[in-house]
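Asker: build the 3D model from these lines:
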Amino acid sequence: MRMPEPSVPLIPAAELARRLDQGEHLQLLDIRSAERVAQGRVTFGATLDFRALAASQLYQLATLDPLGLDPATPVAVICGHGNSSTEATRFLRERGFEAYSVAGGMASWETVYLPRRLSPTPALEHVIQVDRVGKGALSYVLVSDGDAVVVDPGRHLQPYEALLEDLGATAAAVIDTHMHADYLSGSRAAAARWQVPYFVHPDDARSPYDGAEGRFAHQPLTEGDTIAFGHATLVAAHVPGHTLGSTALVADEALALTGDFLFVQSVGRPDLAGQRDAWTARLWDSLERARREWPGDLLVLPAHYASERERRADRSVAARFDVIAATNEAVAIQDPRAFLAWVTAHTTTPPETYRTIKLANLGLVDVADAEAELLEFGPNLCAVG
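Answerer: Below is the predicted model:
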């Protein structure tokens, strides 16, 4: 009779993210194929010690010396869905390493959302930045007098519902700063489940490819509109360029949720609908407006980041507008022709999946859960550069 193999210790993807976020030194061994690793991998945390070697090659090694793993430091082993990593973890443990298999693999990593508390404002007692670490995507929960507005949520609603419960808040509205192309928005589902209005700019409520009207319930959010909740007010500023309906949300004249209009170190790419030059001109005008109207101490809270370099000491992704104006290469350009040349030189081919995701967010195509995982896989590529 064959004895059952000893179980392999697991580490949940969320725990891996929390430990990296807290600065713990961890080794991560990705055993997927080189092609899959190139499409998307864990890049989170300043203390991440990353290595990649396909499982088939791992088992052929005469010794593990070529991997350069430190036997004194824990090793998290990751694959696509947590199956192959189990055997690889056992392989490492048999050779003296403190190894753990990442439960659910990269599929679970893509569903990790880490909330971070930012400084409150006079009208907002809670400003929460929700970091979807596998995509470099940022959403927000703003709370005033127990009423909450959720901005740019991902499709997994449970993290937001847990956060609202923890804050003792009730959702009052859901907003998309623009119609997303890199991930499936949770706004429509959230609005339906929580029975609250869903706001988006009308220019983003139709397809940018052929003008087809989106098939979803929403309320238009246009230039100068205000959304009041508790004793706070969000003011909409139309800043087209990344999309025609891109909108920034300004709270208390202290915070600007900029969506994909403006990032800490770049700007939103204007080429996703095949109208790069025309939309670059719109993006330039939006930047000129921000430079003209926004105070230097306005805190910019973007919807994405591309690297650890965009984080502050508290691990949040944010920067004062005057800092961005001085250090963001795109924003520092002073001439519209030079700006177009810069965008042209730094624009890469967008993923083919972005068109499908955009149409799905508009309600124009249906996407099953299994397909959603494939469509969303990998980091966002929404910034120029």
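Asker: how far does the helix or strand hosting residue 338 sit from the chain's center?
Answerer: Element membership for residue 338 (DSSP states H and E) is helix 336-346. Mean C-alpha position of helix 336-346 versus that of the full chain (C-alpha atoms, centre = their mean, to the nearest Å) differs by 25 Å.
Asker: just the mean pLDDT for it, thanks.
Answerer: The average of the pLDDT scores along helix 336-346 is 97.
Asker: not counting sequence-adjacent ones, nearest residue to residue 12?
Answerer: residue 103 (5.1 Å; C-beta to C-beta, 6 or more residues apart in numbering). (Each C-beta comes from the backbone N, C-alpha and C, glycine too.)
Asker: ranges for the strands of the stretch 1-150 of the chain?
Answerer: Per DSSP state E, counting those that start in this stretch, the stretch 1-150 of the chain carries strands over the ranges 10-12, 26-30, 48-52, 75-78, 99-103, 113-118, 126-132, 137-144, 147-151.
Asker: ok, the stretch 201-350 of the chain next?
Answerer: Counting by DSSP E, counting those that start in this stretch, the strands of the stretch 201-350 of the chain are 219-220, 226-229, 232-238, 247-251, 255-259, 299-302, 319-320.
Asker: bridging residues for the nearest residue to residue 11 once chain neighbours are set aside?
Answerer: Once flanking residues are discounted, residue 11 sits nearest to residue 100: 4.1 Å by C-beta to C-beta, 6+ apart. In this entry, residue 100 is beta-bridged to residue 76, by DSSP bridges.
Asker: how is the chain carved up into domains?
Answerer: Domain ranges of the chain: 10-109, 113-376, per automatic domain parsing.
Asker: can you add distance to residue 385 and give the ones you listed back as JSON lines?
Answerer: Converted to JSON lines, the domains of the chain look like this (distance: least, C-beta to C-beta, whole Å):
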{"stretch": "domain 10-109", "distance to residue 385": "16"}
{"stretch": "domain 113-376", "distance to residue 385": "5"}
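Asker: output the ones you listed as a markdown table; include the columns distance to residue 383 and mean neighbour count.
Answerer: Listed next are the domains of the chain as a markdown table, based on distance: least, C-beta to C-beta, whole Å; neighbours: other C-beta atoms under 10 Å:
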| stretch | distance to residue 383 | mean neighbour count |
| --- | --- | --- |
| domain 10-109 | 15 | 18 |
| domain 113-376 | 4 | 19 |
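Asker: which residues sit in contact with the residue nearest to residue 141 when sequence neighbours are not counted?
Answerer: Distances taken as C-beta to C-beta, 6+ apart place residue 128 nearest to residue 141, at 4.2 Å, with adjacent residues excluded. By C-beta atoms under 8 Å, 6 or more residues apart in numbering, the contact set of residue 128 is 115, 116, 117, 118, 140, 141, 142, 143, 163, 167.
Asker: check the gap between residue 128 and residue 316 for me.
Answerer: According to C-beta to C-beta, to the nearest Å, residue 128 and residue 316 sit 10 Å apart.
Asker: again with residue 277
Answerer: Residue 277 is 34 Å from residue 316, by C-beta to C-beta.
Asker: ditto for residue 222
Answerer: Distance check for residue 222 against residue 316: by C-beta to C-beta, it reads 29 Å.
Asker: which non-adjacent residue is nearest residue 227?
Answerer: Computed as C-beta to C-beta, 6+ apart, the closest residue to residue 227 that is not its neighbour in sequence is residue 234, at 4.5 Å.
Asker: among the strands of the stretch 201-350 of the chain, which is nearest residue 207?
Answerer: strand 219-220 (16.5 Å; C-beta to C-beta).
Asker: many thanks, I have nothing further to ask.
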